[in-house]
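# show me the folded form of this:
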Amino acid sequence: QVQLVESGGGLVQAGGSLRLSCAASGRAFNYYPMGWFRQAPGKEREFVAAISGSGSSTDYADSVKGRFTISRDNAVSLQMNSLKPEDTAVYYCAAASMEFGSLRYRAGDYSYWGQGTQVTVSS
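Presented below is the predicted three-dimensional model:
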């Protein structure tokens with residue numbers, strides 16, 4: 001059974017940092033396009049960051065550009081700096097279904113999802 005498990009969420013003050021990690025079991029996702037999404041209460045799930053299958057390309061939502069960094073080695077991580085209260089949400093990692101693909105921006109482009117980890121930024 002394929003599983004993605006996020007970790008690293010928590011409560012942080014505005015201006016602080018958190019690092020989220022996404023580990024996979026049941027399958028190695030080393031060369032699969034992966035992404036991070038988030039969903040705040042009462043809002044739709046939104047794209048945050050993506051990394052290509054090779055790891056050579058990354059992209060970000062405008063709202064997090066310059067503050068968040070997605071990377072991959074044995075797991076996919078999301079380094080979040082200069083956090084703002086509006087970053088408060090449940091964060092999900094996701095993996096596409098095919099290796100060596102390009103960046104994915106839509107939730108429908110991903111086949112595997114983690115259970116989410118809560119990030120709360122206090123003002």
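# show me what counts as buried in the helix or strand that contains residue 47.
Using DSSP states H and E, residue 47 sits within strand 46-51. For strand 46-51, a neighbour-count test (16 or more other Cβ atoms under 10 Å) marks 47, 48, 49, 50, 51 as buried. C-betas here are computed from N, CA, C, even on glycine.
# so for that strand, mean pLDDT?
Average pLDDT, strand 46-51: 98.
# what pairs with whatever helix or strand comes next after it, parallel or antiparallel?
Later in the chain than strand 46-51, the nearest helix or strand by DSSP H and E is strand 58-60. Applying DSSP bridges, strand 58-60 is found paired with strand 46-51 (antiparallel).
# surely residue 99 touches residue 28?
No - Residue 99 lies out of contact with residue 28 (Cβ atoms under 8 Å); the separation is 9.8 Å.
# more neighbours: which of those two?
residue 99 (13 against 10; other Cβ atoms under 10 Å).
# list the contacts for the more buried one?
Shown in contact with residue 99 (Cβ atoms under 8 Å, 6 or more residues apart in numbering): 31, 32, 53.
# what's the answer for residue 64, then?
Contacts of residue 64 (Cβ under 8 Å, 6+ apart): 48, 49, 80, 87.
# name whatever forms a beta bridge with the third one.
Listed by DSSP bridges, the beta-bridge partners for residue 80 are residue 18, residue 68.
# give me the distance between it and residue 96.
Residue 80 sits 22 Å away from residue 96, going by Cβ to Cβ, to the nearest Å.
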